[in-house]
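> here are the coordinates; sequence isn't available:
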């Protein structure tokens, strides 16, 4: 994975970055800003390289990222991100050109954020027993956390284990609606992350339409989706549940009460259609832990 990242970096910055990465196994992001040295963000600190980034460095990176054909990746850049081989995701910021209220092009890109793909297999293992009933049926589940705590990482690991049937449970057909290519991290349609042997992916597809497409064509037992919240999201989730399918999703939130008050999810929660809430938190030392709640927001562990 780190080799894929080094291959898109400016040649003059590769060696110092490689040396830094070797000493930082928990690196999460590399921030590139014209006029500033690269910033390597770890879970509890930032490390700055000594050499400042130039506009020529960014242009060199864009050449490597697009494989010498920037035009071929124009749509991804317009949307502000793309996923590279290995699963790492690159975000872009610069000058946006807007027509009729929509971004039609991005120029003068001076900022890049490389979110380093790290699949932490087993991170959700202790959560798994709480997500099934006594007969082995999967329970409709929401993973909740503040941004940056790692709910997508937990979601990915849950998908893998539900799909494979780990822990003596039968594997289930899972369909991932990966609107932002963060869960499976598909590159040219192929998942770069291990998301299980019974998992199908709709990559780059809007959540609401993707959930409906999955029902029509893929006969999933569980639909997995990141960052639910709006009324249309809730409507699509309701359709999934009416069809006998289960939902495994994530939601931004500080606590359970904040989530159940959201306009989009309030009805689902009030009707006890969501059977498990997993609140993901981070301790002062950076380690994550999970609190599990059941129907009616009753704490289970």
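Nice, thanks for sending it over. Please read all numbers here as calculations on a predicted model, not as lab measurements. Residues are numbered from 1 along each chain as shown.

> Can you read off the pLDDT for residue 286?
pLDDT for residue 286: 68.

> now residue 263
At residue 263, the pLDDT recorded in the model is 64.

> Which neighbouring elements make contact with the longest helix anywhere in the chain?
Assignment by DSSP state H gives helix 151-164 as the longest helix of the chain. Secondary-structure packing of helix 151-164 (3 or more CB pairs under 8 Å, 6 or more residues apart in numbering; DSSP states H and E): strand 141-145, strand 174-178, strand 199-203, strand 222-228, strand 246-252, strand 276-282. All C-beta spots, glycine's among them, are computed from the backbone N, C-alpha and C.

> Regarding this protein, what is its longest strand?
strand 102-115 (DSSP state E).

> ok, residues contacting that one?
5, 8, 28-34, 55, 58, 61-62, 74, 77-80, 88-98 (CB atoms under 8 Å, 6 or more residues apart in numbering).

> Just the buried positions in that strand, please.
Residues 106, 109-110, 112-115 are the ones in strand 102-115 that count as buried (16 or more other CB atoms under 10 Å).

> try stretch 137-153
Applying 16+ other CB under 10 Å to stretch 137-153 flags 138-145, 149-153 as buried.

> Low-confidence stretches in this protein?
1, 263, 286 (pLDDT under 70).

> separation between the residue nearest the centre of it and residue 284?
Closest residue to the average C-alpha location of the chain: residue 182 at 3.6 Å, with CA atoms, centre = their mean. To residue 284, residue 182 is 27 Å away according to CB to CB, to the nearest Å.

> Then residue 137?
37 Å.

> do the same with residue 277
Residue 277 is 23 Å from residue 284, where distance means CB to CB.

> try residue 164
34 Å.

> who's more crowded, these two?
residue 164 (18 against 6; other CB atoms under 10 Å).

> who's in contact with that one?
Contacts of residue 164 (CB under 8 Å, 6+ apart): 171, 196-198.

> these two touch, right, residue 232 and residue 209?
No. Residue 232 is beyond contact range of residue 209, at 9.6 Å (criterion: CB atoms under 8 Å).

> and the gap between residue 156 and residue 118?
From residue 156 to residue 118 the distance is 10 Å (CB to CB).

> which of those two has more neighbours?
Between residue 156 and residue 118, counted using other CB under 10 Å, residue 156 has the larger neighbour count: 28 against 15.

> who's in contact with the closest residue in space to that one that isn't next to it in sequence?
Spatial nearest neighbour of residue 156, excluding adjacent residues (CB to CB, 6 or more residues apart in numbering): residue 183 at 5.5 Å. Taking CB under 8 Å, 6+ apart as the criterion, residue 183 is in contact with 152, 155-156, 159, 176, 193, 195, 201, 224, 226.

> again, but for residue 139
131-133, 246, 275-276.

> Residue 165 too?
Per CB under 8 Å, 6+ apart, neighbours of residue 165: 171-172, 198.

> could you pull out the helices for this structure?
Under DSSP H, the chain gives helices at 2-6, 11-22, 55-65, 74-79, 151-164, 207-217, 231-242, 256-260, 266-270.

> list the helices and strands the first one packs on?
Spelled out, that is helix 2-6. Helix 2-6 sits against helix 11-22, with contacts defined as 3+ CB pairs under 8 Å, 6+ apart.
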